[in-house]
Each structure stands twice: as structure tokens, then as C-alpha cells.
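Student: Return atomic coordinates for the entry below.
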Amino acid sequence: KGNYNRFGWTGNGVQPWGLQRDPIGADGYLFFRGWFTLLLSIYKYVSGDDKYTRTFPVTGYGDEVFEWDHHRIAAQMERQYQEHPEGPQCENTKIWFYCNAAGGLGMYLYDRVFGRQTHRAFENFLEYSRDNYMGVGSDGNLEWVTNYYDPIVNHKANGGPAAGISTAFMVLPQNRELATTLYDAAANALGWRNAQAPIRANATGLLLARALGDHTAVARLRAAAEQQYEPRHFGDQDEKFGWFFGLNEAYPRGQRSATMMVSEVGEDGAWLRAFETPHLDKFEAPTVEGVDFPSLGLYQAWNDVDSGTLHVGTYPTSPDRQGGQANWRVTNLPNSDDVYILCDGQPFDRFQVTGNGTIELDTTIDTLQYQIFTGYRGPGGQPVARRDVPRAVGTAAAMAAAQPPSRDATAVRRATSEFAPDGGPGCPCCA
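Tutor: Next comes the predicted model:
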């Protein structure tokens with residue numbers, strides 16, 4: 001339109017809003033406030049730290065400082081969605097479906113962690129989006145999805161039926177039905193379920209296919225990624241791994257590789273389960289601390305409350321570190337004097353009590369499986385009394401026993417392994 005402001009420019013100072021100095025309190029700038037809320041909510045859920053519920057400074061226009069905290073930010077977003085069901089703007093004049101979905105996900109997780117109900121206001125936006133940011137044809141199929149809406153000139157920048165795939169990833173924990181509609185449209189339009197159609201790799205599509213259990217799409221997208229995304233080891237001893245995406249660069253792109261890595265970890269549906277905030281008892285449960293990374297890595301650490309056992313799997317991060325020594329601790333033990341340990345099925349006694357509820361292990365850097373009998377039975381559970389050390393079992397049997405059951409209550413690894421936005425941003429400002 002000649003003098004139309006390009007997307008990505010914040011437009012701070014344009015009418016009718018004028019110059020707004022506070023990036024949190026502004027009418028627009030949702031692409032900062034929304035993602036920041038998601039980040040704070042994830043931080044609280046993963047760490048349990050109340051750091052950001054206390055006042056902290058936010059630097060705005062002209063280096064002016066404003067004071068905010070997590071609760072006030074969530075309340076500010078709640079008010080905005082109550083007043084504007086069409087959604088707050090990112091750049092002034094532009095309301096992005098994708099970034100609003102991320103902000104809503106932050107509110108959803110905030111409510112789960114703190115027991116609030118701010119997300120009810122965001123549900124108005126989801127209903128508005130269904131009616132206004134998605135177009136359904138006479139055959140009932142999704143035909144277009146709005147990338148952004150400009151309420152000043154009443155213009156929608158629409159994409160085809162596959163345009164909502166990144167948005168679907170953010171919407172899924174909040175509204176499975178709506179997210180599935182967006183995903184199905186993309187899967188059908190891009191041929192992921194059609195064995196005869198050539199397809200291009202799509203990291204977000206692979207994430208969603210796993211989350212929704214679309215096994216046909218998972219198999220095809222995974223094969224396409226293997227062919228097109230250049231997965232390989234690198235480093236002096238090939239101790240590192242990433243996807244190079246055919247970019248002819250020395251190192252893999254961080255965000256794009258991280259997005260692909262999310263599709264490799266967890267189990268089907270893990271992205272949904274993570275936002276139901278399971279395993280909040282983890283801050284009181286037996287915990288591994290003080291790992292000598294990057295010499296020693298952990299591939300597993302989870303509490304089986306049925307048997308009162310903490311399963312820990314270690315590995316050397318590179319061949320030259322194998323065989324070295326590394327100490328690490330287990331804290332939050334119900335009774336440190338009652339602990340006994342198996343390492344690859346054999347009794348392990350190279351540990352000592354170092355404090356109330358804490359032991360320290362003296363270990364060899366290698367691929368090893370530890371079964372640490374702690375007696376922890378979950379929140380409110382009675383500790384298991386010490387019993388005789390069981391007879392040694394073979395390594396294979398010990399490894400098999402160390403695999404977590406499929407039910408959600410004990411699969412701790414599902415809780416925090418599925419947090420990563422799609423590598424393909426919805427607007428240039430996020431690229």
C-alpha cells in the first residue's frame with residue numbers, strides 16, 4: 001500500500017496509541033510480553049524458584065525503568081484479552097495469531113503452576129480466532145489461516161491451509177480440538193499422509209505428529225528430515241551432534257537444531273502432558289545434583305515411587321573422558337542412612353552420607369545404570385523401611401528394570417523435556 005509499515009517494525013509512536021515507554025504495559029508489543037510470560041511460566045515450573053514473583057526492573061524507552069513481577073504481567077495480559085478478544089497487537093497495527101497463541105500458553109501454564117484462572121480471558125481469543133482467523137470452505141475443509149490482522153486498515157495477511165502449523169504447536173496444550181484442525185489441514189495440504197506424494201521435512205510438523213500420535217506422518221517426516229536436514233556428529237571426537245540443514249556452516253544452527261531435538265525426545269503426547277504440570281513433587285523428591293558436566297553426562301534420572309527407587313543413567317560426554325572419576329550428590333533423601341545402591345546390577349558402596357538427607361557418590365565416568373533405593377514413595381507417601389540388599393542381577397536385566405513404566409505417574413522424563421518453540425518463526429522479528 002505504498003507507505004504501509006513493514007511487519008517487524010514495532011511502530012511505537014504511531015497513532016492512535018502514541019509513544020509508549022513501558023514494554024510490558026504497552027497496548028502493543030505482545031511479541032515481547034507474550035513470549036516473556038511463557039518463559040517466566042516455564043522457569044517457575046522447571047525450577048520451582050519464585051524469583052520472578054518478586055518485583056524486578058524492566059528497561060523501557062529512553063532507558064526508563066519500570067517495575068513488574070510475574071503475577072502483575074499475567075494480570076495485565078488477562079485484562080487485555082478481556083478488553084480485546086481479537087488479541088493485543090505485536091507491532092502496532094498487527095495482531096499475530098502465532099505470538100498470541102504463545103502468550104496464551106504462558107497464561108495457561110501460569111494458571112497451572114499458581115492455581116489462577118487468567119487463561120479464561122484468553123479462551124475468548126481462541127473463539128474469536130476460530131471465527132475470524134480461519135476460513136472453512138463449503139466442503140468443511142480449512143482453506144486459509146490468518147498470519148496477522150491489521151485492525152486499522154481491516155486487512156488480513158492470510159496463508160493457505162498449512163499456514164497454521166506453528167500456531168497449532170502453541171495452541172495444542174490449550175485447545176486440542178482447535179490445534180488438531182490446524183494440524184490436519186497442514187498434514188493434508190502438504191501430503192504428509194500420502195505415501196505417493198513427495199514431501200519436505202518440517203520440524204514443527206514432526207513435533208505435532210508425535211504429539212497427536214499421527215504415526216504415518218511421523219514416519220514420513222522423520223525420513224525426510226534424515227535426508228534433508230543433514231544430521232551428523234561433529235567436534236574433535238565426534239562427541240557433539242546437530243542438524244546442519246545444508247547451510248555449509250561450521251556449526252549447526254541452535255534454534256533449528258533445538259527444534260529438531262524436541263522431536264527426538266520424550267514420548268508421543270509428551271508436549272500435551274508437560275503443560276498439565278505433572279511431578280510438582282520433584283522439588284521435594286530425591287534429586288541428582290553436582291554433576292561434573294561436561295565430563296559426565298546423564299541420560300536418565302527419575303524416581304519410581306512404586307519401588308522407592310531413583311534410576312540414574314550416566315555416560316562419558318567424549319571418549320577421552322571415559323574412565324575418569326566424578327563425584328555427584330543425591331539430595332532430598334527421606335533417610336540417607338537407609339540408602340543402598342546397585343550399579344549395573346551389582347552392589348555399589350562408593351558413597352557416603354554428607355549431610356541431612358544427602359549422599360555423595362564417587363563414580364567412574366562411563367555408561368552406567370544406577371538403581372538408588374531411597375524409600376521415596378511420592379508426596380505424602382510413607383518411606384519404605386530398609387531391607388536387605390537384593391542379590392546382584394545381570395546388567396541387561398538391571399537396564400530393563402530401570403526403564404520407567406508407561407503410565408504418567410512415574411514417567412518423570414515427560415515433565416520437562418518438551419519445551420521448545422518451532423524453528424520456523426511466524427514473522428521476521430523472530431527469525
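Student: burial measure for the residue nearest to Gly381 when sequence neighbours are not counted, as a count.
Tutor: Using C-beta to C-beta, 6 or more residues apart in numbering and skipping residues adjacent in sequence, the residue nearest Gly381 is Val305, 6.4 Å away. C-beta coordinates here come from the backbone N, C-alpha and C atoms, glycine included. Counted by other C-beta atoms under 10 Å, the residues lying close to Val305 total 19.
Student: Isn't Val305 up against Thr374?
Tutor: No. When contacts are counted by C-beta atoms under 8 Å, Val305 is not listed as touching Thr374 (9.9 Å).
Student: Can you report how many residues neighbour Thr180?
Tutor: Thr180 has 18 neighbours, counted by other C-beta under 10 Å.
Student: quick one: contacts for it?
Tutor: Thr180 makes contact with Ala168, Leu172, Leu212 under the criterion C-beta atoms under 8 Å, 6 or more residues apart in numbering.
Student: Assign a three-state SS to the first one, would you?
Tutor: Looking back up the chat, that one is Ala168. helix (DSSP: H, G, I helix; E, B strand; the rest coil).
Student: Contact partners for it?
Tutor: By C-beta under 8 Å, 6+ apart, the contact list for Ala168 reads Ala179, Thr180, Leu182, Tyr183, Ala186, Thr204, Leu208.
Student: Nearest to Leu310 among the contacts of Thr180?
Tutor: Checking those against Leu310 with C-beta to C-beta, the nearest one is Leu172 at 31.3 Å.
Student: What is the burial count for the closest one?
Tutor: When neighbours are defined as other C-beta under 10 Å, Leu172 has 25 of them.
Student: Ala121 too?
Tutor: When neighbours are counted by other C-beta under 10 Å, Ala121 registers 19.
Student: residues contacting it?
Tutor: Residues in contact with Ala121 (C-beta under 8 Å, 6+ apart) are Met77, Glu78, Arg79, Tyr81, Gln82, Met107.
Student: nearest residue to the third one other than its sequence neighbours?
Tutor: Put plainly, it is Arg79. Of all residues not flanking Arg79 in the chain, Ala121 sits nearest, at 7.7 Å (C-beta to C-beta, 6+ apart).
Student: where in this structure is pLDDT low?
Tutor: The chain contains residues with pLDDT under 70 at 1-2, 382-431.
Student: repeat that with 80
Tutor: Scanning the chain for pLDDT under 80 picks out 1-7, 266-267, 380-431.
Student: Helices of that one, residue ranges please.
Tutor: 30-47, 70-83, 97-114, 119-132, 165-171, 176-189, 203-212, 215-228, 254-264, 270-274, 395-401 (DSSP state H).
Student: Among the contacts of Ala168, which one sits closest to Ser336?
Tutor: Nearest to Ser336 among those, with distances taken as C-beta to C-beta, is Leu208, at 44.0 Å.
Student: Now do the same contact list for Ala186.
Tutor: Contacts of Ala186 by C-beta under 8 Å, 6+ apart are Pro161, Ala162, Ala163, Gly164, Ile165, Ala168, Trp192, Gly205.
Student: distance of Leu142 from Tyr61?
Tutor: 40 Å (C-beta to C-beta, to the nearest Å).
Student: the more surrounded of the two?
Tutor: Per other C-beta under 10 Å, whichever of Leu142 and Tyr61 has more neighbours is Leu142, with 21 against 13.
Student: If we ignore the residues flanking it in sequence, what's nearest that one?
Tutor: Nearest to Leu142 is Ala185, by C-beta to C-beta, 6+ apart, at 3.8 Å.
Student: pretty sure that neighbour contacts Gly137?
Tutor: No. Look at Ala185 against Gly137 with C-beta under 8 Å: they stay out of range, at 10.6 Å.
Student: Which one's more surrounded, these two?
Tutor: Taking other C-beta under 10 Å, Ala185 and Gly137 do not tie; Ala185 has more neighbours (24 against 10).
Student: neighbours around Pro347, how many?
Tutor: Other residues near Pro347 come to 12 when the count uses other C-beta under 10 Å.
Student: Then Asp338?
Tutor: For Asp338, the count of nearby residues is 16 (other C-beta under 10 Å).
Student: likewise Asp184?
Tutor: Asp184 has 18 neighbours, counted by other C-beta under 10 Å.
Student: can you give me phi and psi for Gly266?
Tutor: Phi and psi for Gly266, reported as degrees, to the nearest 10, are phi 70, psi -170.
Student: related to what we said a few turns ago, what's the closest of the contacts of Ala186 to Glu67?
Tutor: Top of the list for closeness to Glu67, among those and by C-beta to C-beta, is Ala168 at 35.8 Å.
Student: Please name the nearest non-neighbouring residue to the closest one.
Tutor: That would be Leu182: by C-beta to C-beta, 6+ apart, it lies 3.7 Å from Ala168.
Student: same deal with Tyr133?
Tutor: Leaving aside its chain neighbours, Tyr133 sits nearest to Thr146 (3.8 Å; criterion: C-beta to C-beta, 6+ apart).
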